[in-house]
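Visitor: Fold the following, please.
(chains A and B)
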Amino acid sequence: MKTIITATGNTEDALFDLRYGRAKYFCIYDKETNSSKFIKNEHADAQGGAGTKAAEQTVELGVKQVISGDFGPKAKEILEKFNIQMVVLNDDTSSIKDIINKIK
Amino acid sequence: MSYTFAIASGKGGTGKTTVAVNLAKHIAQFKTPKVLLVDCDVEEPNDLLFFDNHKLEKSEELFVIVPEIDAEKCNFCKKCSDFCEFNAITIIPSETFIHVNIELCHSCGACFHACKIGAITESLSSIGHFNRYSTTIGNGLIEGRLRIGSAMQTALIRKLKEKITSENRIVLLDAPPGNSCPVVQTVSDADYVILVTEPTPFGVNDLKITIALLREMKKPFGVIVNKSGLGNNEIYNYLEKSAIDLLGEIPFDKEYASKYAMGTILSAIDKETESRYLNIIDNLEKSVKKNEGNNHFEW
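Guide: Alright, predicted model coming up:
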């Protein structure tokens, strides 16, 4: 199962990003292979609709779970529709590695 | 031919509405009855509150065109979604999922051009209402009221301005506060802009931003200092140094503020207030003629 963890940078040492649509990077963690890869969020600085775009990308990537600080209404609508689990984590001091270790 | 004034201010709460309704009243009484007040603050129109004897003459719902995507015809090429500056269209090919978010759509029409297979058709979306009132003062008042949740202020203001008829000699556009798109939309059709400010650091700071905007738009303008006696002298030094016309001053008066709160500023106008507005109207005429030439303006 693939999980997106919102990240402030593109390595596992980067801190967790509390924002979903406007996260700098998405860390895609694959539980089966215990591997992670990072993709840049192209819509992080969009004037509007960043959450919609993030949700669209999440669906297209075949991700089933997203861990972020919060989810806006437009993103939530799409994620809910595709049965993607939203996990809210209010912790901006953890690194991506810390979070991966928790869900392994 | 009509002459259009916009009443604007960078900072909110400086007295645009007070000035706009008073100008309408005094121009109607002393200059020409063919004056129309237009409340362009479509997010919170409140000019009407000051007219006791108003009567709704006409109300009309206004719409913009938004895309509707036919799922049967769509080939999920995503061109419309890529063309959309506002991220209003979500297309997920793997899930054959199509969604148009009306709240993000700016009705720019780009998606209609993007779609080469005719899967997008025009559909109407309500952005609010246009209302016309008679007020016993001049040619009355028109206003736009934005639908709650809609972000189409500029479209509504543009459509509201289309309702202004040519029988009006003087048109007063009461602008929204700030310096963003709705203000630009309001001011774009004005022949002259009346800026209302207050002599506080906030007032001066925001006034300078509005003036930079008006200079870029090449609009002539003058300034009314409302609530004078508050704050400091910075505003006067700035106006003098920049050779900007000071159209008048309205002293800060707590009693007047409470009349405003009760909505009664137009019901019993004292002589002092009357002469102050007549003086502003005189200065306004001088400032306009300075810009337009003596033969190009009459009330």
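
Visitor: tell me the phi and psi of residue B:236?
Guide: Backbone geometry at residue B:236, expressed as degrees, to the nearest 10, gives phi -70, psi -40.

Visitor: For it, give me its contacts.
Guide: B:199, B:225, B:246 (Cβ atoms under 8 Å, 6 or more residues apart in numbering or on different chains). In short, each C-beta sits where N, CA and C put it, glycine included.

Visitor: Any idea how many residues pack against the residue lying closest to the last one once chain neighbours are set aside?
Guide: Excluding its sequence neighbours, the residue lying closest to residue B:246 (Cβ to Cβ, 6 or more residues apart in numbering or on different chains) is residue B:239, at 5.4 Å. Here the neighbour count serves as a burial measure; for residue B:239 (other Cβ atoms under 10 Å in any protein chain shown) it reads 19.

Visitor: So which of the contacts of residue B:236 belong to helices?
Guide: With DSSP state H as the criterion, helices contain none of these.

Visitor: So which of those wins on neighbours?
Guide: residue B:225 (26 neighbours).

Visitor: how far away is the closest residue to chain B within chain A from residue A:61?
Guide: Proximity of chain A to chain B (Cβ to the nearest Cβ) peaks at residue A:49, 2.5 Å away. For residue A:49, the distance to residue A:61 equals 18 Å [Cβ to Cβ, to the nearest Å].

Visitor: Then residue B:206?
Guide: 45 Å.

Visitor: Which residue, neighbours along the chain excluded, lies closest to residue B:168?
Guide: Among residues not flanking residue B:168 along the chain, residue B:36 sits closest, at 4.2 Å (Cβ to Cβ, 6+ apart).

Visitor: which ones are touching that neighbour?
Guide: Per Cβ under 8 Å, 6+ apart, neighbours of residue B:36: B:138-142, B:164, B:168, B:170-172.

Visitor: what residues does chain A put near chain B?
Guide: Those residues of chain A that sit near chain B, judged by Cβ under 8 Å from any Cβ of the partner chain, are A:43, A:46-50, A:52-53, A:55-56, A:59-60, A:74, A:78, A:81-82.

Visitor: repeat that for 7 Å
Guide: A:43, A:46-49, A:52-53, A:56, A:59-60, A:74, A:78, A:82 (Cβ under 7 Å from any Cβ of the partner chain).

Visitor: Just the buried ones from those residues?
Guide: A:43, A:46, A:48-49, A:52-53, A:56, A:59, A:74, A:78 (16 or more other Cβ atoms under 10 Å in any protein chain shown).

Visitor: now the closest residue to residue A:2 other than its chain neighbours: how far from residue A:74?
Guide: In this structure, residue A:2 finds its nearest non-sequential neighbour in residue A:63, 4.5 Å apart by Cβ to Cβ, 6+ apart. Distance of residue A:63 to residue A:74, given as Cβ to Cβ: 17 Å.
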